[in-house]
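Asker: sequence? don't have it. structure:
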């Protein structure tokens, strides 16, 4: 099944992680490939999913935020990283080792045009029946949603940042 | 922080579980109290969160679906179960043992009027600064959202059930 989690609301990546936890509980194997997010960006899930050892693999393949938050890398570097992440996804799908593959923030990589939709579609179309792929990130396009079997839009109703708070460790990242 | 995950789209409970996993990765302690969901209803997360031993406790306090899916229990039994679940939440908050408490499907218990909003508000208002509570389930009312610091609506864009599929183990439950 192809699943898309999109929208500006909070909870897309965490929802995918939760799906992963659920799948593990059913004896399945999970791989999460993070686009955008880099190794330097420590996140709560990094440490926690290690508890599941080989059942929940997490690969951080991004180079950090693109064009914002003090990003000084060239666009080319971000593009290469995104292409590499997609290549890893392809290999993982072809290996048939994983029941659920999460392409975290891939929708953002797409909307920033770091990778092409047709290339992403090619990769996810390699997925066998009975295997699942979750694509997360805001800004998923209509064509991707058309291809998806299930899609949820995370709509922001209320967000504390707008009230002037700062990101909170363990909840926001 | 008081967080509400609502709407008809898929991913609310799993998002809360993912938040829990993230919190654990930051060395925090998590408790998930499930309203509606009963002990008889096995779900992938039951087994998986056990890996985290005491760091992620899961209590199933419901009596199953209310009024649907072959439910034969009296309304009174569901009400008692929901009140008991809320009582457990209160105790957990007062114990100060948990950094994140997830009240799973509490919004459904509220919209079915198994418990009263004023009682839920009383309980969550006991939560100390720096501690988090996530309330999940469709149908969260305006007053609850008003009280929340962060709220996300999970909007269903596409759902495979509508195309005639059956629930898939490990992904749907």
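Answerer: Now that the structure is in, tell me what you want to look at. Note that this is a predicted model, so its numbers are computed, not measured.

Asker: any idea how far residue B:32 is from the nearest residue to residue A:140 once chain neighbours are set aside?
Answerer: In this structure, residue A:140 finds its nearest non-sequential neighbour in residue A:6, 3.7 Å apart by Cβ to Cβ, 6 or more residues apart in numbering or on different chains. Glycine gets a C-beta too; all of them are placed from N, C-alpha and C. Relative to residue B:32, residue A:6 is positioned 25 Å away (Cβ to Cβ, to the nearest Å).

Asker: got it, and residue A:154?
Answerer: 20 Å.

Asker: list the beta-bridge partners for the residue nearest the centre of chain A.
Answerer: A centroid search over chain A (Cα atoms, centre = their mean) returns residue A:104, at 0.4 Å, as the residue closest to the centre. Taking DSSP bridges as the rule, residue A:104 bridges to residue A:34.

Asker: isn't it up against residue A:89?
Answerer: No. Applying Cβ atoms under 8 Å, one finds residue A:104 not in contact with residue A:89, separated by 10.6 Å.

Asker: which neighbours do those two have in common?
Answerer: Here residue A:104 and residue A:89 share the contacting residues residue A:33, scored by Cβ atoms under 8 Å, 6 or more residues apart in numbering or on different chains.

Asker: avg pLDDT for the longest strand belonging to chain A?
Answerer: Identified as the longest strand of chain A according to DSSP state E is strand A:150-158. Summarised as a single mean, pLDDT over strand A:150-158 is 94.

Asker: which residues outside it are in contact with it?
Answerer: A:1-12, A:15, A:140, A:145, B:4, B:6-7, B:9-11, B:145, B:148-160.

Asker: of those, grab the buried ones for PyMOL.
Answerer: For the buried members of those, the matching PyMOL selection, counting by 16 or more other Cβ atoms under 10 Å in any protein chain shown, is:
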select buried, (chain A and resi 1+2+3+4+5+6+7+9+10+11+12+15+140+145) or (chain B and resi 4+6+7+9+10+11+145+148+150+151+152+153+154+155+156+157+158+160)
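
Asker: so who does the residue lying closest to residue A:124 once chain neighbours are set aside touch?
Answerer: Leaving out its chain neighbours, the residue that sits closest to residue A:124 by Cβ to Cβ, 6+ apart is residue A:133, at 5.3 Å. Counting by Cβ under 8 Å, 6+ apart, residue A:133 touches A:1-3, A:93, A:100-103, A:124, A:127.

Asker: go again with 10 Å.
Answerer: Contacts for residue A:133 (Cβ atoms under 10 Å, 6 or more residues apart in numbering or on different chains) come out as A:1-4, A:31, A:89, A:92-93, A:98, A:100-103, A:106, A:123-127, A:148-149.

Asker: would residue A:51 count as being in a strand?
Answerer: No. Looking at residue A:51 with DSSP: H, G, I helix; E, B strand; the rest coil, it is helix, so not inside a strand.

Asker: helices of chain A, start to end?
Answerer: Along chain A, the stretches classed as helices by DSSP state H are A:12-25, A:44-48, A:75-95, A:106-111, A:117-124, A:142-147.

Asker: does anything pack onto the shortest one? Which helices or strands?
Answerer: With contacts defined as 3 or more Cβ pairs under 10 Å, 6 or more residues apart in numbering or on different chains; DSSP states H and E, helix A:44-48 has these neighbours: helix A:12-25, strand A:30-34, strand A:56-60, helix B:12-25.

Asker: reformat those into CSV and put distance to residue A:113 and mean pLDDT next to each item.
Answerer: Below are the helices and strands packed on helix A:44-48 laid out as CSV (distance: least, Cβ to Cβ, whole Å; pLDDT from 0 to 100):
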stretch, distance to residue A:113, mean pLDDT
helix A:12-25, 20, 94
strand A:30-34, 19, 96
strand A:56-60, 21, 93
helix B:12-25, 28, 94
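
Asker: dump the ones you listed to JSON lines, plus distance to residue B:66.
Answerer: Formatted as JSON lines, those follow (distance: least, Cβ to Cβ, whole Å):
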{"stretch": "helix A:12-25", "distance to residue B:66": "23"}
{"stretch": "strand A:30-34", "distance to residue B:66": "32"}
{"stretch": "strand A:56-60", "distance to residue B:66": "33"}
{"stretch": "helix B:12-25", "distance to residue B:66": "16"}
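
Asker: out of the ones you listed, the one nearest residue B:64 is which?
Answerer: Nearest of the helices and strands packed on helix A:44-48 to residue B:64, taken as Cβ to Cβ: helix B:12-25 at 15.3 Å.

Asker: the closest one vs chain A: in contact?
Answerer: Yes. Helix B:12-25 reaches chain A (Cβ under 10 Å from any Cβ of the partner chain) through B:12-25.

Asker: most packed of the helices of chain A?
Answerer: helix A:12-25 (a mean of 28; mean count of other Cβ atoms under 10 Å in any protein chain shown).
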